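Colleague: give me the fold of what follows.
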Amino acid sequence: MYISLKAVVGFCLWVACCICADGFNVAYDRASLIINGRRKLLISGSIHYPRSTPDMWGDLIDKAKDGGLDVIETYVFWNMHEPQRGQYNFEGRLDLVKFVKLIQSKGLYVNLRIGPYIQAEWTYGGIPFWLHEIPGITFRTTNKPFKKEMKRFTKKIVNMMKREDLYASQGGPIILQQIENEYGKIADYFGVKGHSYINWAANMSVNLNTGVPWTMCKDSDAPSYVINTCNGMYCGRLFTPNSKNAPKMWTENWTGWFTVFGGRSPQRPVEDIAYAVAQFFATQGTFVNYYMYHGGTTFGRSGGPFIIPSYDYDAPIDEYGFIRQRKWGHLKDLHVAIKLCSRALLFGKPSYYSLGLLQEAHVFETKRGECAAFLSNMDFKSDVTVQFRNLIYVLPAWSISILPDCKAVAFNTAKVSSQSNIMEMLPTGELYEGERWESFKEQIGVSGNDNFQAVGLLEHINTTKDITDYLWYTVSIDVGNDEPFLRSNVRPVLHIESRGHALSVFINGVFVGNGNGNTRKPIFNHRQYISLQSGRNNIALLSTTMGLPNSGPLFEKRGLGITKVAIEGFKDGTRDLSEELWTYQVGFSGEKKQIYSEIGSNTINWVPVLNSLQNQPMTWYKRRINAPAGNDPVALNLSSMGKGQAWINGENIGRYWISFRSVPGNCPSTCDYRGRYNKLKCESNCGHPSQKLYHVPRSLLKPTGNLLVVFEETGADPSKIAFVTRSVKSICASVSEADLPSPNLWKQLGTVPVNAKPRLQLLCPKGQQISSIKFASFGNPEGVCGSFTKGTCHSTHSWGTTEKVCLGQPACSMEVSSETFRDNPCVDTTKSLAVEAVCS
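Modeller: Residues are numbered from 1 along each chain as shown. Reported below is the predicted structural model:
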């Protein structure tokens, strides 16, 4: 039965069935979304508009569409749009209307996840800090002040979309929208108030009358008139919607994972992603969204606790906008195979058959005779042979084969024949203007006239109001000349307790040490030996935040900063300084004067650096730098630095923390896709900085004279900072005669391709052509992309044939067969074709 979107709360709400003159209906039933009267299987991908730049948006959307996506999903970032109450910003990277219209112009739909709490590894979960200052407020529960502000902002975004005719009911691209985010466990914490709040949020949003369905994710208690959706690595076998009339939807299929300072880099194998997606559609799923499809960059101070600026997420499109192969290509083939099954999945009767202990078949058959089957092998160790409808099929471990006609296999999730790309970051050479760096050293501790005093240790966030990461705690103590540590080798011990995130210690103006927590345990104890002198001693402690709390119940009540300071070793025992009279300074003078900007940089006297630049804590460095030639994406190499922030032409490109390295160990050289994935399974970058290359979008750069400013907290060497450019070094593919033909053949022919053979396909980046062949072998080549070698079997025509087909072409395709190479080496042996090419 078709249902229109309406609240069962005692009165009817006009929703999906109400269509404007030029609009179309978006409704749903248990099988799928129904757009303009037609059922749809939809493939979606997340692209967050603030994490890229407007000049990148069009290309990202094009690549998403080419990858088989129907929908672009984005959160709405409240704290970016309303940094102060009533003061809005929808310009530049925050131009939401422009982003949505651009998606529409490309022929795709939009899923607008308004939240307005979003998490998203974003500081404060996207909620503006000024909300914290409202008396009596508690976030995300039945609380009058919070509900008032949440409704006001949600209504503003909805009305903005309505004014631009962007809802499907008005002829626009927005077919879905989300209120709240991952509320299930939060509701359990707040109990009755939580469940009341989520019902209020659902009712409030539906009453805005947008004409398209509302969703909630990870909240099984969501009211039946909104669609509860799944987030996670696997949403096939265990997830069911909150209503028998709702379709099964997956709003976050995690394509990888985020990286934190001090953490390794996680990657998720594409074979496992494809397995999870195929399993989802095999179990009557209807809508899947890849989170992320392009992760991008978290610029400035926008990241959540310990989140690095790179939000690459191992997504199908990388941080810089390049297609990540093999991931993008394999998923594109998957999407084609799933769409080949559309009519059977949307209109067929589902049935289940056991094919073995860990093997099964999910079959969909319509009354018209259309049939599709998904044959699954859940064994993560062994390939198996199964019989289905009197035919034999070999299923690799942890894989699913898709049969659009219930007979022939169009796609197997574990068999990847799409190309690989080898990426490189190339140094650009000397691009600096002028002879040397200039510096400005901050005063340690108290500076300016805006310092203040208080008895005891103040909580960090409530003191800084999130206008800066930095808060100075300064205290003076007197040391008598009869203290034993003044006359012995035993030094006093400074003991500091902090709720996070990082700490720098200065004794009498000299940097003596630092400490920090981590993403799992932001709270830390810092102990170190210090040297004190007879008489007055000044202790200055710099507390630093690395993003505000952003998840869990009552995260707005969670404090940061120093909670205890004591010195051990006095003749009378430990001296606790926690309740002394402390002097506080919020931020640095350079921040307040915005010396990272063109105007602000002229308000201070920069000093030319004549000697070594190393080991100068709390120092600003400035230099002019020219943009690299060409159009390749640009990054700033900060590997010589310690901890701080960097700006280009006044734009904060993010926090850096090179000195906080990931745990060393044995990162696997290859990742076994078999078995359930978790973020610790396939890690790289062991024992190295979590991020040392920082994306600088081309749109932030001028051809010459760019203002580069870095603020270094702990001391490092800025003389080695340099631009690098990102490019595709080479493209590769390896395809066997035993591999499946591309599912695109089914799509082109409209039926099963008879006697079709697999093809090796190569595609250069946009605007480039294949300029040389580095390797080509038809036979039994060995190795992987970048290190192919000839095997014992090799056709002497391999190289010449490949050059004839591919040289000078932006893309090329070759059938993997003896006929192609007019040669049949190793008769009765299954052969492969491996090629590596260079594009320019």
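
Colleague: strands of the stretch 51-200 of the chain, start to end?
Modeller: Along the stretch 51-200 of the chain, counting by DSSP state E, counting those that start in this stretch, strands occupy 71-75, 109-115, 174-179.

Colleague: compare these and give me the one nearest D823.
Modeller: Relative to D823, the nearest member of those by C-beta to C-beta is strand 71-75, separated by 46.4 Å. Where C-beta positions appear, they are placed from N, C-alpha and C, glycine not excepted.

Colleague: what angle do the closest one and strand 109-115 make?
Modeller: Strand 71-75 and strand 109-115 meet at an angle of 20 degrees, taking axes from the mean of the first three to the mean of the last three C-alpha atoms, to 10 degrees as the criterion.

Colleague: residues near A776, how many?
Modeller: Each residue near A776 was counted by other C-beta atoms under 10 Å, and the total is 27.

Colleague: the longest strand in the chain is where?
Modeller: In the chain, assigned by DSSP state E, the strand with the most residues is strand 722-736.

Colleague: by contact count, what packs against that one?
Modeller: strand 420-427, strand 634-637, strand 759-763, strand 770-779, strand 832-839 (3 or more C-beta pairs under 8 Å, 6 or more residues apart in numbering; DSSP states H and E).

Colleague: can I get the CA coordinates of the shortest one in CSV?
Modeller: Okay, so that is strand 634-637. Extracted in CSV, the C-alpha atoms of strand 634-637 (Å, rounded to 0.1, in the frame of the first residue of the first chain):
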residue,chain,number,x,y,z
VAL,A,634,48.1,22.0,-3.6
ALA,A,635,49.2,21.0,-0.1
LEU,A,636,51.4,22.7,2.5
ASN,A,637,54.1,20.3,3.9
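
Colleague: which positions in that strand come out as buried?
Modeller: When burial is assessed from 16 or more other C-beta atoms under 10 Å, strand 634-637 yields the following buried residues: V634, A635, L636, N637.

Colleague: can you redo those residues as JSON lines with distance to N685 and pLDDT?
Modeller: Converted to JSON lines, these look like this (distance: C-beta to C-beta, whole Å; pLDDT from 0 to 100):
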{"residue": "V634", "distance to N685": "21", "pLDDT": "98"}
{"residue": "A635", "distance to N685": "16", "pLDDT": "98"}
{"residue": "L636", "distance to N685": "18", "pLDDT": "97"}
{"residue": "N637", "distance to N685": "15", "pLDDT": "97"}
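
Colleague: out of those, which is nearest to N377?
Modeller: Looking across the buried residues of strand 634-637 and measuring by C-beta to C-beta, the closest to N377 is A635, at 41.3 Å.

Colleague: mind checking how far the closest one is from I307?
Modeller: Separation of A635 from I307 (C-beta to C-beta, to the nearest Å): 18 Å.

Colleague: so I461 sits in a strand?
Modeller: No. I461 sits outside any strand when classified using DSSP: H, G, I helix; E, B strand; the rest coil, being helix.

Colleague: stretch 317-330: end-to-end distance?
Modeller: The first residue of stretch 317-330 is 13 Å away from its last residue (C-alpha to C-alpha, to the nearest Å).

Colleague: D333 in helix, strand or coil?
Modeller: Classified using three-state DSSP, D333 is helix.

Colleague: burial count for the residue lying closest to it once chain neighbours are set aside?
Modeller: By the measure of C-beta to C-beta, 6 or more residues apart in numbering, the closest residue to D333 outside its immediate chain neighbours is P743, 5.4 Å from it. Using other C-beta under 10 Å, P743 is surrounded by 23 other residues.

Colleague: give me the number of residues near C785?
Modeller: Neighbourhood size, C785 [other C-beta under 10 Å]: 20.

Colleague: using the three-state scheme, assign it.
Modeller: coil.

Colleague: quick one: mean pLDDT over whichever helix or strand G600 is part of.
Modeller: Here G600, judged by DSSP states H and E, is contained in helix 598-601. Mean pLDDT, computed over helix 598-601, is 98.

Colleague: also stretch 343-361?
Modeller: Stretch 343-361 comes out at a mean pLDDT of 98.

Colleague: please begin residue numbering at 664 from this point
Modeller: I'll keep to 664 as the first residue from here, and by that count the last item is stretch 1006-1024.

Colleague: quick one: end-to-end distance for that stretch.
Modeller: Terminal residues of stretch 1006-1024 lie 18 Å apart, using C-alpha to C-alpha.

Colleague: may I see the buried residues of that stretch?
Modeller: Buried residues in stretch 1006-1024, counted by 16+ other C-beta under 10 Å: R1006, A1007, L1008, L1009, F1010, G1011, L1018, L1021, Q1022, E1023, A1024.

Colleague: and what of stretch 1096-1113?
Modeller: Quick answer for stretch 1096-1113 (16+ other C-beta under 10 Å): W1100, E1101, S1102, F1103, E1105, I1107, G1108, V1109, S1110.

Colleague: using TSV, lay out the residues you listed together with distance to F1187, pLDDT and secondary structure.
Modeller: Shown next, in TSV, are the buried residues of stretch 1096-1113 (distance: C-beta to C-beta, whole Å; pLDDT from 0 to 100; DSSP: H, G, I helix; E, B strand; the rest coil):
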residue	distance to F1187	pLDDT	secondary structure
W1100	33	92	strand
E1101	35	94	strand
S1102	30	95	strand
F1103	30	96	strand
E1105	24	96	coil
I1107	22	96	coil
G1108	22	94	coil
V1109	25	90	coil
S1110	26	85	coil
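
Colleague: how long is stretch 908-922 end to end?
Modeller: So stretch 908-922: terminal residues 38 Å apart, C-alpha to C-alpha.

Colleague: contacting residues for R1485?
Modeller: Counting by C-beta atoms under 8 Å, 6 or more residues apart in numbering, R1485 touches H1460, T1464.

Colleague: from G1097, how far off is the nearest residue to I971 once chain neighbours are set aside?
Modeller: Computed as C-beta to C-beta, 6+ apart, the closest residue to I971 that is not its neighbour in sequence is Q1354, at 4.4 Å. Distance of Q1354 to G1097, given as C-beta to C-beta: 28 Å.

Colleague: ok, P1059 to P1185 distance?
Modeller: Distance of P1059 to P1185, given as C-beta to C-beta: 42 Å.

Colleague: for V760, that is, sorry about that
Modeller: From V760 to P1185 the distance is 37 Å (C-beta to C-beta).
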